[in-house]
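> predicted model follows, preceded by the sequence.
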4 protein chains.
Amino acid sequence: MIIKLKNSTTESQKQQLVNWAENQGVSVCTVIGNVDTLLGFIGDTSHIDIEQLEAMEIVDAVKRIQAPYKKANRSFHPEDTVITVGDVQIGSGKPVIIAGPCSVESEEQICNIAKEVKKAGAQILRGGAFKPRTSPYAFQGLRKDGITLLLEAKKETGLPIVTEIMDISQLSLFDDIDMIQVGARNMQNFELLKELGKINKPILLKRGLSSTLEELLMSAEYIMSGGNEQVILCERGIRTFERATRNTLDLSAVPVLKSLSHLPVIVDPSHATGKANLVAPMSRAAIAAGADGLIIEVHNNPEMALCDGQQSLTPAAFAELKQSLDKVAAALC
Amino acid sequence: MIIKLKNSTTESQKQQLVNWAENQGVSVCTVIGNVDTLLGFIGDTSHIDIEQLEAMEIVDAVKRIQAPYKKANRSFHPEDTVITVGDVQIGSGKPVIIAGPCSVESEEQICNIAKEVKKAGAQILRGGAFKPRTSPYAFQGLRKDGITLLLEAKKETGLPIVTEIMDISQLSLFDDIDMIQVGARNMQNFELLKELGKINKPILLKRGLSSTLEELLMSAEYIMSGGNEQVILCERGIRTFERATRNTLDLSAVPVLKSLSHLPVIVDPSHATGKANLVAPMSRAAIAAGADGLIIEVHNNPEMALCDGQQSLTPAAFAELKQSLDKVAAALC
Amino acid sequence: MIIKLKNSTTESQKQQLVNWAENQGVSVCTVIGNVDTLLGFIGDTSHIDIEQLEAMEIVDAVKRIQAPYKKANRSFHPEDTVITVGDVQIGSGKPVIIAGPCSVESEEQICNIAKEVKKAGAQILRGGAFKPRTSPYAFQGLRKDGITLLLEAKKETGLPIVTEIMDISQLSLFDDIDMIQVGARNMQNFELLKELGKINKPILLKRGLSSTLEELLMSAEYIMSGGNEQVILCERGIRTFERATRNTLDLSAVPVLKSLSHLPVIVDPSHATGKANLVAPMSRAAIAAGADGLIIEVHNNPEMALCDGQQSLTPAAFAELKQSLDKVAAALC
Amino acid sequence: MIIKLKNSTTESQKQQLVNWAENQGVSVCTVIGNVDTLLGFIGDTSHIDIEQLEAMEIVDAVKRIQAPYKKANRSFHPEDTVITVGDVQIGSGKPVIIAGPCSVESEEQICNIAKEVKKAGAQILRGGAFKPRTSPYAFQGLRKDGITLLLEAKKETGLPIVTEIMDISQLSLFDDIDMIQVGARNMQNFELLKELGKINKPILLKRGLSSTLEELLMSAEYIMSGGNEQVILCERGIRTFERATRNTLDLSAVPVLKSLSHLPVIVDPSHATGKANLVAPMSRAAIAAGADGLIIEVHNNPEMALCDGQQSLTPAAFAELKQSLDKVAAALC
């Protein structure tokens, strides 16, 4: 961390800052140029509050050099982390496909889709029980009953389950769930992250709509610093000015996250684009960009196709996509 | 709500959609042009899921005409809502100034600042006990002890207190707090909003970093639809590409929100700009834009000015600002 | 185009608007619901100014149904357009690779790189003669001399040339250039677009940093409506809050543009990411997303590697990338 | 400028970089810590290309300390610049109001509005002759004839004129125009900026839709470095995800620009918000934020109010606004 002091800084003010830094356990080297004075903070600066530092009246500018995350940092953990969900390994080099409906609606629905996506090659089943909805008047999910139905589908198909948690108070319901999803709107629900750091279960952490990749890694760090190092990162689109897609899928996030961190990175093309016809090309692109997996929405109600999600694939379209994904993955080897 | 059907829609598909809509309690009028078929949904469409509608295979485009919020909607409640916090009225036409430190640090600190800001004309005391921090290694606030100290400052000065909640489990600690703040990162923590809808206490709801004004009003609607209609909206800057300020303060939010809703709107220039030297001009601008109040960070440790927040004012600067705000407010009458 | 009138609209005001529309050559159908009155404008509405319409005091909301571009619109031109640059076909199904240095620096430099990229499989040579630079104090390109050197490299290698124009006054220098690039900052330089509409030469039109895909298509329409229909669209990253990459590469633009328009779409991973180590994964992702080609920066000065562009590949890295791109392209067939 | 070298840097590579820097006229101080090596570049670094530096293989990170603009920089020119347009002074402490229609439509129209806005207190007349329009099918302005009509209105009222240029080739038409506007889409039309640097006439430079404030100052620098130091900066809204307003008016730009630069700063609330009912509150806010002036759209066709701009005020509304602006300006003294 390099700190440029204002020209008006007195010697005693500078000494006060040096003392402050040394009290926080870093050593300080001072560089006095012919115009500027710079301080270099050396050592572990991850607990130094850069905003507090920038706020000091004598500080002109601060440049962080070390990343502020440690457990998630590839520098300190060069090998790829592989995370086991049920009997599926994520991050091992072979892309993992997670599929299922937006919401769990009934036992028949979830079990049928589970069988369909399993047959097509999906390895993990997704499905929403607790649903974050912008409107209080919209369907909020089957909640506890949805969890029960997901476990039923797991029993029938053997597929491990991932589903979203929305509040700490729901945690006890997730005992038999294989991976807990933290949604984009909760990426910085720090109290929830802390609780998830205390359990021993994979966490699928989605990037917030306006979160930087560094902030995503800091949220992973919240979980990991609590002791649970099984975190899978998920790019799912960010909010920009463009309206042709629901969000803007930031696929550069895949190689950037994989260079900064050892954690697996998957992509959600369904929520990112919000349009079924974009799911296939963006899934192929995600795999080509190096993603460790995909999480894709698949529906299964031909008789009510009218009311299906604009971002969901039919099982047939999903099966076809799966085959082309295998080809793209093979082309990368 | 106007729905344009695709040209390929069959008569029976159209009828299926009409039935779906009527089952949801709206009446449908059909307009058959020489090329396009349009459906008009008439009645209360607030519970219709626009995304589900857009997702239907026969639907080309949807245009919502009614706002999706009801309790927060000025159309159904033309008079300004006035909310009472302690003995202070927010939304009555006279701007209310909320001031205090970023974090509660000690009894001496919070009580001293409380006295200073009261003397300068602040009517409500702010101070953080639970602190949302990007890094798990940063100071997380005094938490429960911070609440105790805030209540101490209230006893000493008589100022009502506003402080932030981060999780439902903390709610019982807020019994004697006068107004509960929901921070930007929790604006769409829907489970928390639902709980706050069940209590009888003013809620200060901050806009999320990438939330639209409609989403802010929908989050207010979550609280109001639960029964608690005492919601104060707060613009605190949105995330954009600009880096000269921490966030981009969207002051147009003030007249826009006040035209769409009857709820009071206040502005946080400290978090929006992140720079003390911008707080005064942007505070004056917020009042001139019609804000019902401001929430301003003020610190009070001259002996350690070194480590003060870059966005906090000294009590002296705050007192001076308060005087100029009074002049701007008077100019608007 | 559907127009919702305000409830306060009088019959005579409505009639005035109907007349206004009919004078512009569209027919109007009126739908009077029990609350709302809607007007449908039928016919070619591409010349109707939606903002003017929204501005009318009696208009509550406008919903455009037809896209505002015609010549670029796939609806009116369902087959893919193939554009010939020199002897290279863009849009024919096989991805075309354009490569070369950021700036033309010397005859030796440009001719050497041209040979290297040709050997590695590039089909078109890029190189900047006129350079748009944020700072007036930065190198502005060799300008006219740069064009001469590019033509020299063309003579030596036979590769067609694409290079950027910055102002109409430079146009006469581009007579022997095979494709003219319009840079992101000039995407809405409408006077320049009009001039390029009058010539008979392929135009590579880059998306502006904050331009929507519809605006990109409207800028293509400026060129095409002048008579020059040889437009190739280029996604090169948009400006967002994320700083891990220089811009955010919006790869969804590829399938979106190809569904809306018949024009070829290529991708510039070098400017989008600004980092050499991201060029290879994002190039593969672009091809997997369905791009018709790539434009990639390649440098060639090992003896001064010190000063090379952070976003440029070495010829060796480019050659390796070209091989993996061929594999990804083959996997899509 | 501080450069952090990668740990892998060899002594000879470091020396090569030092030589490169010294050749560019800066002196270099080297700081060798126990882990990191830092270089400090001392002297005028405005011509150093930071992106080129970041691109070097041995460079880990660069932190610029000096602003890259010189002529626009307040550090080197502490006093406010006052610019004279006709007989009006902008930047002298008293806000200047520029008003007029979006487009010049006829002699009667522009002369009538000119008289109305003059009577209401406007000091400069605006009106578009060359109109940048997203669609090639939309009205492109009266162009040369529009300039003639503006000069007619000037003759009748004595108001100085500001109008937009779109291309260098139009420059000769602007001889009798008092101030030339560069629109948001041309803020980085560098060839145009260079030409405007050669003339002796005030330039009103609007911020691009996705331009940072630093980029705006760099574009001002293009004009000023050519010799024309009469540049007035204009905030007119930036593009964000929010759709309640056409753009997001970034009023913090006013105090930020005025602290970084000595140039006058004005605000365009009409284009920023796109809605007439927001113009008055945001005009008052801009003045309260410290703006040196406003540029406001006013229309004047009561008989066709139907077709007026959604962002334009009537002359009566403008006159009323002008009075309230005077009160806000007085409150700041």
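Ah, there it is.
> rest of the way, CA atoms for contacts and neighbours
Will do.
> domain map for chain A?
Split into domains by automatic domain parsing, chain A comes to A:2-63, A:74-332.
> distance to residue C:117, mean pLDDT and mean neighbour count for those - can I get that in CSV?
Shown next, in CSV, are the domains of chain A (distance: least, C-alpha to C-alpha, whole Å; pLDDT from 0 to 100; neighbours: other C-alpha atoms under 10 Å in any protein chain shown):
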stretch, distance to residue C:117, mean pLDDT, mean neighbour count
domain A:2-63, 38, 80, 17
domain A:74-332, 22, 94, 22
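> can I get these in a markdown table with distance to residue D:114?
Listed next are those as a markdown table, based on distance: least, C-alpha to C-alpha, whole Å:
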| stretch | distance to residue D:114 |
| --- | --- |
| domain A:2-63 | 48 |
| domain A:74-332 | 36 |
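> which of those domains sits closest to chain C?
domain A:74-332 (4.1 Å; C-alpha to the nearest C-alpha).
> what about that closest one, near chain B?
Yes. Judged by C-alpha under 8 Å from any C-alpha of the partner chain, domain A:74-332 and chain B are in contact via A:132-138, A:166-167, A:185-186, A:188-191, A:209-210, A:215, A:218-219, A:221-222, A:225, A:239, A:275, A:305-311.
> give me the subset of those residues touching chain C.
Residues of the residues of domain A:74-332 next to chain B in contact with chain C (C-alpha under 8 Å from any C-alpha): residue A:210.
> and residue A:110, its phi and psi?
In terms of degrees, to the nearest 10, the main-chain angles of residue A:110 are phi -70, psi -40.
> so it makes contact with residue A:148?
No. Residue A:110 is beyond contact range of residue A:148, at 10.9 Å (criterion: C-alpha atoms under 8 Å).
> list the residues that contact residue A:249.
Listed by C-alpha atoms under 8 Å, 6 or more residues apart in numbering or on different chains, the contact partners of residue A:249 are A:235, A:236, A:237, A:238, A:269, A:272, A:273, C:250, C:251, C:252.
> closest one to residue B:77 out of the residues you listed, please.
residue A:238 (34.8 Å; C-alpha to C-alpha).
> skipping adjacent residues, who's closest to that closest one in space?
The spatially closest residue to residue A:238, leaving aside those adjacent along the chain, is residue A:209, at 4.5 Å (C-alpha to C-alpha, 6 or more residues apart in numbering or on different chains).
> just confirm that neighbour is within a strand.
No. Applying DSSP: H, G, I helix; E, B strand; the rest coil, one finds residue A:209 to be coil, outside a strand.
> all helices of the stretch 1-150 of chain A, in order?
Counting by DSSP state H, counting those that start in this stretch, residue ranges of the helices within the stretch 1-150 of chain A are A:11-23, A:50-55, A:107-120, A:144-157.
> a markdown table for these, including distance to residue B:78?
Listed next are these as a markdown table, based on distance: least, C-alpha to C-alpha, whole Å:
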| stretch | distance to residue B:78 |
| --- | --- |
| helix A:11-23 | 55 |
| helix A:50-55 | 42 |
| helix A:107-120 | 45 |
| helix A:144-157 | 40 |
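> and of the ones you listed, who's closest to residue B:127?
Of the helices of the stretch 1-150 of chain A, nearest to residue B:127 by C-alpha to C-alpha is helix A:50-55, at 16.4 Å.
> quick check, the closest one touching chain B?
Yes. Helix A:50-55 reaches chain B (C-alpha under 8 Å from any C-alpha) through A:51, A:52, A:53, A:54, A:55.
> in chain A, what residue comes closest to chain D?
In chain A, no residue comes nearer to chain D than residue A:241, which is 4.5 Å away by C-alpha to the nearest C-alpha.
> how about that residue, nearest residue that isn't a chain neighbour?
residue D:241 (4.5 Å).
> give me every residue in the stretch 101-250 of chain A lying close to chain C.
Counting by C-alpha under 8 Å from any C-alpha, the stretch 101-250 of chain A sits next to chain C at A:210-213, A:240-245, A:248-250.
> about what we covered before: so for residue B:115, which of the helices of the stretch 1-150 of chain A sits nearest?
helix A:50-55 (23.7 Å).
> which other helices and strands contact the closest one?
Helix A:50-55 is packed against strand A:59-63, with contacts defined by 3 or more C-alpha pairs under 8 Å, 6 or more residues apart in numbering or on different chains; DSSP states H and E.
> any idea how far the strand it packs on is from the middle of the chain?
Counting by C-alpha atoms, centre = their mean, to the nearest Å, strand A:59-63 is centred 30 Å from the centre of its parent chain.
> restrict that strand to CA atoms and write it as PDB.
The C-alpha coordinates for strand A:59-63 follow below in PDB (Å, rounded to 0.1, in the frame of the first residue of the first chain):
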ATOM      1  CA  VAL A  59      -3.600  11.900   2.700                       C
ATOM      2  CA  ASP A  60      -3.700  12.800  -0.900                       C
ATOM      3  CA  ALA A  61      -4.000   9.300  -2.500                       C
ATOM      4  CA  VAL A  62      -3.800   5.700  -1.600                       C
ATOM      5  CA  LYS A  63      -2.800   2.800  -4.000                       C
END
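> how about that strand, does it reach chain C?
No. Using C-alpha under 8 Å from any C-alpha, strand A:59-63 stays clear of chain C, coming no nearer than 14.4 Å.
> just give the closest residue to residue A:157, not the sequence neighbours.
For residue A:157, the spatially nearest residue (C-alpha to C-alpha, 6+ apart) is residue A:115, at 6.3 Å.
> so that neighbour is in contact with residue A:155, correct?
No. Counting by C-alpha under 8 Å, residue A:155 is not a contact partner of residue A:115; they are 11.2 Å apart.
> ok, back up a step: wait, doesn't the residue of chain A closest to chain D sit right on residue C:209?
No. Applying C-alpha under 8 Å as the test, residue A:241 and residue C:209 come out as separate, 10.7 Å apart.
> what does the stretch 151-300 of chain A have sitting close to chain D?
For the stretch 151-300 of chain A, the residues in contact with chain D (C-alpha under 8 Å from any C-alpha) are A:239, A:240, A:241, A:242.
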